[in-house]
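Colleague: my questions are about this predicted structure, shown below with the sequence.
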There are 2 protein chains.
Amino acid sequence: MNSPSDPADFGARAAAYVQRLERALDRCLPAQRTDPARLHRAMRYACEGGKRVRALLVYATGETLGLAPDALDSAACAVELIHAYSLVHDDLPAMDDDALRRGRPTVHVAFDEATAILVGDALQALAFGVLAEDAAGLSAERRVRMLAILAQAAGSLGMVGGQAVDLESEGRRIALERLESLHARKTGALLLACCRLAAAAAAADADTEAALCEYGRCLGLAFQVQDDVLDLTADSTALGKTAGKDLAQEKSTYPALLGVDGAREYAQALFARARAALQPLGARAAPLRWLADHVAARKF
Amino acid sequence: MNSPSDPADFGARAAAYVQRLERALDRCLPAQRTDPARLHRAMRYACEGGKRVRALLVYATGETLGLAPDALDSAACAVELIHAYSLVHDDLPAMDDDALRRGRPTVHVAFDEATAILVGDALQALAFGVLAEDAAGLSAERRVRMLAILAQAAGSLGMVGGQAVDLESEGRRIALERLESLHARKTGALLLACCRLAAAAAAADADTEAALCEYGRCLGLAFQVQDDVLDLTADSTALGKTAGKDLAQEKSTYPALLGVDGAREYAQALFARARAALQPLGARAAPLRWLADHVAARKF
């Protein structure tokens, strides 16, 4: 039987981490009835559901580095808030124009477009606020470093820049290299930030951080290749979002460039590279190995 | 003749502060040609022009507290970035649907709607990034405090919340109290934050901060009352934005509730209250007195 802190048993703790994140989100989001109530209701709606891969990545990196989870609650909230805001804005009519997300109507459908814009804006501010006001005892130096990491990952050289390149690329066939650079930003930057935030919280040494970054980069890219495959092969009910969108919007995807089987193999190779990057960290990186396997096995 | 540091002569230094802010913005914004170039071009476009009242308020508060301006460049940038992003999003078709801003086509007209959404998102992230990465030698404790102040001012209990209430109130007559609370958030929160950011950078004592906050609140409200009057009485060319919008969108305004003369008197009373709030600070608050007079005299 595994003890609660057995690193090999992260899977047994994942559900508890998700609950922990949900509670932390609930604490940091203004109450439903706080004025303006409609905005706050919509913010909470936007944050419900989701696989919480980013929060799990923060906590798993934290376990690997020996950090107590309460030192990472605000970082886990912050990445999920940034992720939630980006989905709300990506789904807008002027962007990907999607009506379904996490198995429910998107925010601009359930509420209205203006509210969806404001929800995204407010969730982004809240992400930085949560990190800045964190009372968990991390030093101000570490928190400022974490805030800088989050801002880089979220901004025009990170996630938002990736979305801009993605929109520019619609209807055009782009080279694998460009697609890789697009996804390194659009999905990869925030996933990488999860590892970097935990490393900054623990003040990890440079070698450890480099190993974690390589893991985070490979995992992020694998995640996106897999997303492209699932968009083609899974149905909307399983995905909780509209399937087949990439084809409809004439987006360049990994299956389009490599074939479905080629893309699947590429994803598996990237997951293997992510695991290999953890080698210098030894047995303590078991939570991150579990997470790579968990993500590799996902069907939606 | 006044010496360069004569507090009574802030007006002679205001243009230099605006230039200083423009240079700092230029440094923190990614270059036009940095990929994705269209996004970065649009971000720079969105940050051009403007009266820079918020940056001046940061610097004037800093002078009052004896801070060197280089300690405040990143705070001045951050408030102008947040302000610029909020204008881009407020002008979107789903929001106020405006085609003219700062005398030029709005971002979604000059570029496109998706780009305008992303520009706003990226400018917000950059605002927090600039503060977090500030190399001016402020301690991490002070910077974290400043980041928390900015997040509060920008979020759903501040600026974004005010915009949400404003949209809800379209076509409805609301009471003066509700209008005041709306504007305390929509315009007031960020103007107040300018004073609070400088106070946090200087680690001002509680009495000084309270006086500055009272000044900032009165100035912010006066600014908005004046804005409502100018929307009715100035023309679009002078304003650099579409005049008469409030009436067209059936917004509740101060002139609607108090009459044009009544609103003008109310603005003047608020400017006087702002000046009175500075009394405990003595002669060193001359920069803030100048700024109140300067804003009170504006015609656009």
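Modeller: Now that the structure is in, tell me what you want to look at.
Colleague: and A:A31, which of the three is it?
Modeller: coil (DSSP: H, G, I helix; E, B strand; the rest coil).
Colleague: ugh, typo on my part, it should be A:E63
Modeller: Strictly by three-state DSSP, A:E63 counts as helix.
Colleague: skipping adjacent residues, who's closest to it in space?
Modeller: A:P287 (4.4 Å; Cβ to Cβ, 6 or more residues apart in numbering or on different chains). C-betas here are computed from N, CA, C, even on glycine.
Colleague: buried ones in the helix or strand hosting that neighbour?
Modeller: Using DSSP states H and E, A:P287 sits in helix A:286-296. Under the neighbour-count criterion of 16 or more other Cβ atoms under 10 Å in any protein chain shown, helix A:286-296 has A:286-292, A:294-296 buried.
Colleague: elements contacting that helix?
Modeller: helix A:10-28, helix A:53-64, helix A:206-233, helix A:260-277 (3 or more Cβ pairs under 8 Å, 6 or more residues apart in numbering or on different chains; DSSP states H and E).
Colleague: out of these, which one sits most buried?
Modeller: helix A:53-64 (a mean of 26; mean count of other Cβ atoms under 10 Å in any protein chain shown).
Colleague: could you pull up the residues touching the residue nearest the centre of chain A?
Modeller: Using Cα atoms, centre = their mean, the residue of chain A that lies closest to the mean C-alpha position is A:R54, 4.0 Å off. With contact set as Cβ atoms under 8 Å, 6 or more residues apart in numbering or on different chains, A:R54 has these partners: A:76, A:79-80, A:83, A:190-191, A:194.
Colleague: what do you get for A:H83?
Modeller: A:H83 sits in contact with A:50, A:54, A:190, where contact means Cβ under 8 Å, 6+ apart.
Colleague: same list, those residues, but as CSV with pLDDT please.
Modeller: Shown next, in CSV, are the contacts of A:H83 (pLDDT from 0 to 100):
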residue, pLDDT
A:G50, 90
A:R54, 97
A:L190, 97
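Colleague: any idea how far the host helix or strand of A:D246 is from the chain center?
Modeller: Using DSSP H and E, A:D246 falls within helix A:245-248. Computed by Cα atoms, centre = their mean, to the nearest Å, the chain-centroid distance of helix A:245-248 equals 22 Å.
Colleague: what's next to it, contact-wise?
Modeller: By Cβ under 8 Å, 6+ apart, helix A:245-248 touches A:96, A:98, A:228, A:231-232, A:251, A:253, A:256.
Colleague: list the buried residues in that helix.
Modeller: So helix A:245-248, judged by 16+ other Cβ under 10 Å, has buried residues A:245-246.
Colleague: pLDDT of it, averaged?
Modeller: If you average the pLDDT over helix A:245-248, you get 75.
Colleague: tell me how many other residues surround the closest residue to A:R102 other than its chain neighbours.
Modeller: Distances taken as Cβ to Cβ, 6+ apart place A:G49 nearest to A:R102, at 3.7 Å, with adjacent residues excluded. For A:G49, the count of nearby residues is 13 (other Cβ atoms under 10 Å in any protein chain shown).
Colleague: show me what contacts A:G49?
Modeller: A:102-104, A:240.
Colleague: buried only: go through these for me.
Modeller: The buried subset of these - by 16+ other Cβ under 10 Å - is A:102, A:240.
Colleague: as a markdown table, the contacts of A:G49 with distance to A:A114, pLDDT and secondary structure would be great.
Modeller: Converted to a markdown table, these look like this (distance: Cβ to Cβ, whole Å; pLDDT from 0 to 100; DSSP: H, G, I helix; E, B strand; the rest coil):
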| residue | distance to A:A114 | pLDDT | secondary structure |
| --- | --- | --- | --- |
| A:R102 | 21 | 87 | coil |
| A:G103 | 24 | 88 | coil |
| A:R104 | 19 | 95 | strand |
| A:G240 | 25 | 79 | coil |
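Colleague: can you tell me which of the contacts of A:G49 lies closest to B:E133?
Modeller: A:R102 (33.3 Å; Cβ to Cβ).
Colleague: surely the closest one touches A:G50?
Modeller: Yes: at 5.8 Å, A:R102 counts as touching A:G50 under the criterion of Cβ atoms under 8 Å.
Colleague: count the residues that sit near A:I82.
Modeller: Using other Cβ under 10 Å, A:I82 is surrounded by 27 other residues.
Colleague: so what pLDDT did it get?
Modeller: 98.
Colleague: wait, it touches A:M159, no?
Modeller: Yes: using Cβ under 8 Å, A:I82 is in contact with A:M159, at 7.3 Å.
Colleague: tell me which helix or strand the residue nearest to A:R102 sits in.
Modeller: Taking DSSP H and E as the definition, one finds A:G49 inside no helix or strand.
Colleague: give me the pLDDT for it.
Modeller: 91.
Colleague: quick one: it from chain B, how far?
Modeller: When distance is defined by Cβ to the nearest Cβ, to the nearest Å, A:G49 is 20 Å away from chain B.
Colleague: got the phi and psi for that residue?
Modeller: Reported as degrees, to the nearest 10, the phi and psi values for A:G49 are phi 80, psi -170.
Colleague: roughly how far does A:A200 sit from A:A153?
Modeller: 12 Å (Cβ to Cβ, to the nearest Å).
Colleague: cool, A:V58 as well?
Modeller: Counting by Cβ to Cβ, the gap from A:V58 to A:A153 is 12 Å.
Colleague: now A:M146
Modeller: 11 Å.
Colleague: same deal with A:A14?
Modeller: 23 Å.
Colleague: same question, A:Q224
Modeller: 15 Å.
Colleague: get me the contact residues on the stretch 101-250 of chain A for chain B.
Modeller: A:112-115, A:117-118, A:120-122, A:124-126, A:128-129, A:131-133, A:139-141, A:143-145, A:147-148, A:150-152, A:154-158, A:160-161, A:163-165, A:167-168 (Cβ under 8 Å from any Cβ of the partner chain).
Colleague: need the contact list for the closest residue to A:A274 other than its chain neighbours.
Modeller: Distances taken as Cβ to Cβ, 6+ apart place A:C218 nearest to A:A274, at 3.8 Å, with adjacent residues excluded. By Cβ under 8 Å, 6+ apart, the contact list for A:C218 reads A:270-271, A:273-274, A:277.
Colleague: out of those residues, flag the one nearest to chain B.
Modeller: A:L270 (23.0 Å; Cβ to the nearest Cβ).
Colleague: without its sequence neighbours, what residue ends up closest to A:L123?
Modeller: A:Y85 (3.7 Å).
Colleague: A helix includes that neighbour, no?
Modeller: Yes: assessed with three-state DSSP, A:Y85 lies in a helix.
Colleague: which residues sit in contact with it?
Modeller: A:Y85 touches A:46, A:119-121, A:123-124, A:127, B:121, counting by Cβ under 8 Å, 6+ apart.
Colleague: now the helices for the stretch 51-200 of chain A?
Modeller: A:53-64, A:73-90, A:107-110, A:113-132, A:140-154, A:159-169, A:176-183, A:189-201 (DSSP state H, counting those that start in this stretch).
Colleague: average pLDDT across the fourth one?
Modeller: Think helix A:113-132. Per-residue scores along helix A:113-132 average to 98.
Colleague: and it with helix A:73-90, angle?
Modeller: With axes from the mean of the first three to the mean of the last three Cα atoms, to 10 degrees applied, the angle from helix A:113-132 to helix A:73-90 works out at 160 degrees.
Colleague: tilt between helix A:113-132 and helix A:140-154?
Modeller: Using the same axes, to 10 degrees: helix A:113-132 against helix A:140-154 is 150 degrees.
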